[in-house]
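> fold the following, please.
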Amino acid sequence: MHVTELLHFVFRWAHLIAGIMWIGNSMLFNWLDRNLIAPPADDAHRLSQGKIYMVHSGAFYEVEKKLLEPKQLPDQLHWFKWQNGITWMTGISLMVLVFYMTARSSMIDPQVMALEPWQAIAISVGSLVIGWTLYDLAWRLFGKTSEGAVHLFSLVLLLGAAFGFTQVLSGGAAYIQTGVLMGTIMTGNVWMVILPSQRELIASTKEGREQDKSLSIRAKQRSIHNNYLTFPLLFIMMSGHFAGVLTGHLNWAILFAILIGGAAVRHFMNVRYAGKAWLAPALGFGGATLAAVMILSRLQMPEVVQHEGTVGLARVQEIVALRCKQCHGATSTDPLAGIARAKLATDEPSALQAAAKMIRYRVYEIENMPLNNVTAITKEERAELAKWIDDGAKLE
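Numbering: from 1, shown residues only. Reported below is the predicted structural model:
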């Protein structure tokens with residue numbers, strides 16, 4: 001195994017495990033908060049905020065949410081922070097490995113904007129710093145007095161950033177960059193707002209003084225923000241598997257549908273705990289999101305040309321050697337070859353025949369291969385490959 005491939009293996013696995021733990025914990029505590037019941041009056045602690053009873057793994061659990069009396073801090077206290085920290089750090093590591101180190105072929109699409117690798121990387125890094133700063137300042141300065149307006153500002157900020165990324169970066173990079181921005185904001189919320197509130201809670205309990213309740217309120221507010229971002233972020237994490245949504249002039253609209261639809265479904269799953277109608281609206285938004293993705297992905301299909309006449313295997317091999325072999329050959333030359341999604345071994349005609357349907361879809365129908373058209377394949381060459389496949393992908 002090559003060192004680069006090993007790094008991909010390690011960081012992807014760690015990212016997945018940490019992400020499951022982080023988002024799982026977030027959803028569990030959100031569920032706990034929304035299902036707490038007030039204890040009986042004769043059993044109620046003055047600082048209790050409610051209890052919940054659960055059954056799991058062969059026993060009953062009694063969980064109580066409460067504040068503590070001064071100097072009542074227990075010897076053993078569990079924190080939930082490194083799941084998020086490791087998720088973000090491994091995610092940034094993957095961003096460097098998958099995109100920054102191969103920026104020319106993975107982040108830049110000349111048909112979108114002709115950038116130098118350093119410019120694409122600067123846009124990526126700069127947007128993370130600016131995005132978090134604008135979001136955090138808006139909520140610190142106006143979150144108490146104009147919450148509705150700041151919610152709108154945050155939504156416009158996210159959608160504006162997502163649209164902007166699709167106008168300067170390749171489709172795949174734009175989607176992942178949007179996800180990294182969301183993940184950075186969520187991580188900033190954890191380490192810059194939520195954890196400081198918890199440290200103050202612990203310190204005030206140790207020192208026998210009252211906690212600043214505004215810190216607790218702000219932390220809960222940011223925790224809810226993170227909760228609403230989880231569903232859209234999870235889709236973006238796996239968006240590379242759905243080539244039809246990434247490329248094309250409407251990829252930004254598809255991303256908007258995912259961001260808004262995913263957050264809406266999460267919202268109705270949250271309000272169900274308050275006894276409000278949720279299933280029908282959640283299914284409705286989910287269905288509308290899927291419909292929007294299907295329609296928009298069809299509307300953005302590129303115009304294709306038709307090839308007249310027959311195309312022989314020799315011509316197909318010539319096109320493949322010129323346009324595809326860099327990543328999909330037995331001896332690859334492109335730095336992205338180590339993470340190529342499909343090892344077609346294009347040197348073998350039988351491999352081309354076996355993958356004919358996929359080649360037609362990716363190369364001819366949606367035109368997202370070669371990746372960002374780094375090998376400058378022409379419309380006519382795409383049509384020739386499609387014609388060979390339509391005629392039965394014959395090997396003689």
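
> residue 61 looks like it's in a strand, true?
Yes: applying DSSP: H, G, I helix; E, B strand; the rest coil, one finds residue 61 inside a strand.

> quick one: mean pLDDT for the longest helix seen in the chain?
Identified as the longest helix of the chain according to DSSP state H is helix 3-35. What helix 3-35 shows for mean pLDDT is 89.

> geometric centre of the chain: which residue is closest?
Closest residue to the average C-alpha location of the chain: residue 236 at 3.0 Å, with CA atoms, centre = their mean.

> any low-confidence regions in the protein?
1, 39-45, 330-347 (pLDDT under 70).

> the strands in it, which residues?
Ranges of strands in the chain, per DSSP state E, are 48-56, 59-66.

> residues touching the first one, excluding its own?
Surrounding strand 48-56, the residues in contact under the criterion CB atoms under 8 Å, 6 or more residues apart in numbering are 32, 35-39, 60-67. (Each C-beta comes from the backbone N, C-alpha and C, glycine too.)

> which parts of that strand are buried?
50-52 (16 or more other CB atoms under 10 Å).

> redo those as TSV? Include distance to residue 195.
Output for the buried residues of strand 48-56, formatted as TSV (distance: CB to CB, whole Å):
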residue	distance to residue 195
50	23
51	25
52	24
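
> would you mark the buried spots in the longest helix of the chain?
7-8, 11-12, 14-15, 18-19, 21-23, 26, 30, 33.

> ok, now stretch 218-229?
Buried residues in stretch 218-229 (16+ other CB under 10 Å): 218-219, 221-223, 225-227, 229.

> could you export that stretch as PDB, CA atoms only?
C-alpha atoms of stretch 218-229 as PDB (Å, rounded to 0.1, in the frame of the first residue of the first chain):
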ATOM      1  CA  ARG A 218     -25.600  30.900  24.200                       C
ATOM      2  CA  ALA A 219     -24.200  27.500  24.400                       C
ATOM      3  CA  LYS A 220     -27.600  25.900  24.000                       C
ATOM      4  CA  GLN A 221     -28.300  28.200  21.100                       C
ATOM      5  CA  ARG A 222     -25.200  27.100  19.200                       C
ATOM      6  CA  SER A 223     -25.800  23.500  20.000                       C
ATOM      7  CA  ILE A 224     -29.200  23.800  18.300                       C
ATOM      8  CA  HIS A 225     -27.500  25.400  15.300                       C
ATOM      9  CA  ASN A 226     -25.200  22.400  15.100                       C
ATOM     10  CA  ASN A 227     -28.200  20.000  15.300                       C
ATOM     11  CA  TYR A 228     -29.800  21.600  12.300                       C
ATOM     12  CA  LEU A 229     -26.700  21.300  10.200                       C
END
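
> returning to what we had before: what's the angle from the longest helix of the chain to strand 59-66?
80 degrees (axes from the mean of the first three to the mean of the last three CA atoms, to 10 degrees).

> which one of the buried residues of strand 48-56 is nearest residue 352?
residue 52 (58.5 Å; CB to CB).

> please report how far that closest one lies from residue 31.
9 Å (CB to CB, to the nearest Å).

> please apply the same query to residue 287.
24 Å.

> do residue 254 as well
Counting by CB to CB, the gap from residue 254 to residue 31 is 30 Å.

> for residue 239, same thing?
From residue 239 over to residue 31 (counting by CB to CB), the distance is 27 Å.

> next: residue 262.
Taking CB to CB, one finds residue 262 at 18 Å from residue 31.

> just residue 47 next, same as before
Taken as CB to CB, the span from residue 47 to residue 31 is 22 Å.

> what of residue 186?
18 Å.

> same check on residue 350?
For residue 350, the distance to residue 31 - CB to CB - is 52 Å.

> okay, now the domains of the protein?
Here the domain parsing of the chain from automatic domain parsing is 101-301, 313-390.

> if anything else comes up later, I'll come back, but that's it for now.
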